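Engineer: Turn this into a structure:
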Amino acid sequence: MIVFDLECRTNGHRFEGWFGSSDDFAEQQARGLIACPMCNSADVARAISAPNIGRKSNQHTEPARQTVLPAAPAPAPAPAPAAHANTPLPPQAVAALKAIAKIQAEALKTSTWVGKRFADNARAMHYGETDAAPIHGEATPQEAQALHEEGVSIAPILFPIAPPKDLN
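Structural biologist: Residues are numbered from 1 along each chain as shown. Have a look, this model is predicted:
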C-alpha cells in the first residue's frame, strides 16, 4: 500500500488516498473514481508531500526536522449536538429519570440484599431449589451473562445504591 497526499483543485481541500501502487492511482484518476471527500469534486491531484526516508542503523537518534507546509483551510465545523456535557437536561428527561429512580426505590424496599451471592440465589430460585423472592445484589458481567444464557430473568439496577455495610 502507498499513501498519497491528495488535493482538491476546486477548493484546495487536502486529504489522503491509499493505493496499491502509483499505477493504481493513475488508473483510478483517469476513470474518475477519485473525488474530494469534502466537496465531491473529481478535480483531484497528488499534492506535494515529503518522502518518508528511513534512517540507517548507524545514524544518531536526533529528532528529525520536519518542514511544515501551510494547511488548507479547514472545513466548517459540524453543528454541535443539542445537548452538551455540563448543560441541564431537558425537563422531560429529568422527569423520566426521577420516575425511574422512584420505581427503583420502591422495588428495593421489598427486595433482599444478597450481595455477591446474587447469581447463586437467582439460579436457585430459577430452578425451584428455593422459594422465589425479590432479591438484589452483585454479579460480575460473566455471571450475569451465564444467568441470561440459562434463562434466568435478571435486570440491572439503573441507579447506583450503597450496599448494606454488614452484608458485603
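Engineer: Only C-alpha atoms from now on, for both contacts and neighbour counts.
Structural biologist: Noted.
Engineer: host element of Asp5?
Structural biologist: Per DSSP states H and E: Asp5 is located in strand 2-8.
Engineer: quick one: strands adjacent to the helix or strand following that strand?
Structural biologist: Scanning forward in sequence from strand 2-8 by DSSP H and E, the next helix or strand is strand 14-19. Sheet pairing of strand 14-19 (DSSP bridges) gives strand 2-8 (antiparallel).
Engineer: mind listing what's buried in the partner strand?
Structural biologist: Phe4, Leu6, Glu7, Cys8 (16 or more other Cα atoms under 10 Å).
Engineer: Quickly note the distance from Pro90 to Lys102.
Structural biologist: Distance of Pro90 to Lys102, computed by Cα to Cα, to the nearest Å: 19 Å.
Engineer: cool, Ala146 as well?
Structural biologist: 29 Å.
Engineer: Domains in the protein, by residue range?
Structural biologist: According to automatic domain parsing, the chain comprises the domains 2-46, 91-167.
Engineer: okay, those, which one's buried deepest?
Structural biologist: Sort those by mean neighbour count, taking mean count of other Cα atoms under 10 Å, and domain 2-46 sits at the top with a mean of 15.
Engineer: how distant is the biggest helix by length in the chain from the center of its chain?
Structural biologist: Ranked by number of residues, the top helix in the chain under DSSP state H is helix 91-109. Averaging C-alpha positions (Cα atoms, centre = their mean, to the nearest Å) puts helix 91-109 27 Å from its chain's average.
Engineer: What lies in contact with it?
Structural biologist: His136, Ile157, Leu158, Phe159 (Cα atoms under 8 Å, 6 or more residues apart in numbering).
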